[in-house]
Each structure stands twice: as structure tokens, then as C-alpha cells.
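1. missing the sequence, but the structure's below:
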Ligand SMILES: Cc1cn([C@H]2C[C@H](O)[C@@H](COP(=O)(O)OP(=O)(O)O[C@H]3O[C@H](C)C(=O)[C@H](O)[C@H]3O)O2)c(=O)[nH]c1=O
């Protein structure tokens, strides 16, 4: 299975224009028109999620199956994370490929993870607060997970030791055994 991709079709890194002056900084953290231009499709967000995690925590790899698949626009409000998207669409030419990038309060980058991709992140700073918008509501019945350390995905998580995962994530199936799209 091919590992890291330079990028993945559909996944977009967004770098907002930041205005700094003697007071500090300002930037538009979301603009529907600018977003539509960058991802070249209409997207409506219906939910914002926010989580706080400490260093080494890995949340994911999570996704929701149809008809409640979620696209996610992810950013770090505080701290630094390694954010990962995995193409898990059956038949995709990049099936099983992953893309990861550093999102931080410092770089203010955002990652667009479309429906059909699994998402997860690892916290690299002492703590990190992550905010992400989703294109459909949470549905426990449609939630699925894939093991964050699946050897066929071979995601190159920056922190190799001290990783902290929830019981649910630690028992998630491997990609080969997961319910997919
Ligand atoms: C996702 C979600 C969860 N919850 C409840 C369910 C649990 O009682 C509690 C914690 O949920 P969980 O442990 O699944 O949280 P994360 O591990 O951060 O899950 C997220 O992790 C990765 C990074 C993702 O991309 C997903 O959006 C999401 O699954 O919040 C809700 O009430 N609403 C929600 O939208």
C-alpha cells in the first residue's frame, strides 16, 4: 500500500491571509465564497466541533458512513497537531493513501477532508485545541473507525512514543476489515 502522498485528490490545505499590526493579527477563519473557490464545490457546514488534547494523543482515524458521511474543515486554535486524511473510497485510484500536514495556532493552516476520507490527528504540543466544521451532523450509528497504526496505511506519525488513544480507537479494525464507502 502506498503511504504518504504529496497530496490527495480532494484534500486541500488552506492558508488564510493574516493581517498583522502593532495590536496583533486578524484573519477570516472561514469565508464561504473563498472556501468554495478553493475546493471547487458547494459545501454547507452544519456543525462545529472542538476538542482539547494533550501531547501524544491520537484521535482517529474516524469517519461516518453514508448517508451521514462528513466532510471536515480542521484547524488548531492552540498548539500544534499532525492532521491526517486517508482516502478510503472503494475503487479510488488513491485508496489507502494518506496525507498529513502540521496545523497549528502559529501557521493558522486548515485542512479540508472531504466525505469518503478517514480523519485523525496527533498532538505534538503540550496541549492542542482543535476546531473543525462538519458537513453533516454526528450520528453514532454511522460512526466508524480504522486503527491509527494500521501497518498497511503506515502513517508516519511524528511522535513514535507516548501515543495516547481511547479504548475505542485502540480496538478499531484495520482498513482491510473496516466498513467503507
Ligand atoms: C464526534 C462527536 C462526539 N460526540 C460525543 C460522543 C462521546 O461521548 C464524546 C467524545 O467522542 P469521541 O471520543 O468520538 O471524540 P473524538 O475521538 O475526538 O472523535 C473525533 O475524532 C476525529 C478527530 C474526528 O475526525 C471525528 O470527527 C470525531 O470522531 O463526544 C458528540 O456529542 N458529537 C460529535 O460530533
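-> Looks like it came in fine. Because the structure is predicted, anything quoted here is derived from the model rather than measured.
2. Only C-alpha atoms from now on, for both contacts and neighbour counts.
-> OK.
3. what residue of this structure is the furthest out?
-> Residue farthest from the centre of the chain, counting by Cα atoms, centre = their mean, is residue 22 at 33.1 Å.
4. which residues of the protein fall in strands?
-> With strands called from DSSP state E, the chain shows them at 12-14, 19-21, 24-26, 47-54, 58-64, 72-78, 80-87, 98-104, 110-113, 117-123, 127-134, 143-145.
5. ok, residues contacting the first one?
-> Applying Cα atoms under 8 Å, 6 or more residues apart in numbering, the contact partners of strand 12-14 are 38-39, 109-113.
6. which one of these is nearest residue 149?
-> Nearest to residue 149 among the contacts of strand 12-14 is residue 113, at 19.2 Å by Cα to Cα.
7. I'd like the strands of the chain as JSON lines, with mean pLDDT appended.
-> Output for the strands of the chain, formatted as JSON lines (pLDDT from 0 to 100):
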{"stretch": "strand 12-14", "mean pLDDT": "96"}
{"stretch": "strand 19-21", "mean pLDDT": "98"}
{"stretch": "strand 24-26", "mean pLDDT": "98"}
{"stretch": "strand 47-54", "mean pLDDT": "98"}
{"stretch": "strand 58-64", "mean pLDDT": "98"}
{"stretch": "strand 72-78", "mean pLDDT": "98"}
{"stretch": "strand 80-87", "mean pLDDT": "98"}
{"stretch": "strand 98-104", "mean pLDDT": "98"}
{"stretch": "strand 110-113", "mean pLDDT": "97"}
{"stretch": "strand 117-123", "mean pLDDT": "98"}
{"stretch": "strand 127-134", "mean pLDDT": "98"}
{"stretch": "strand 143-145", "mean pLDDT": "97"}
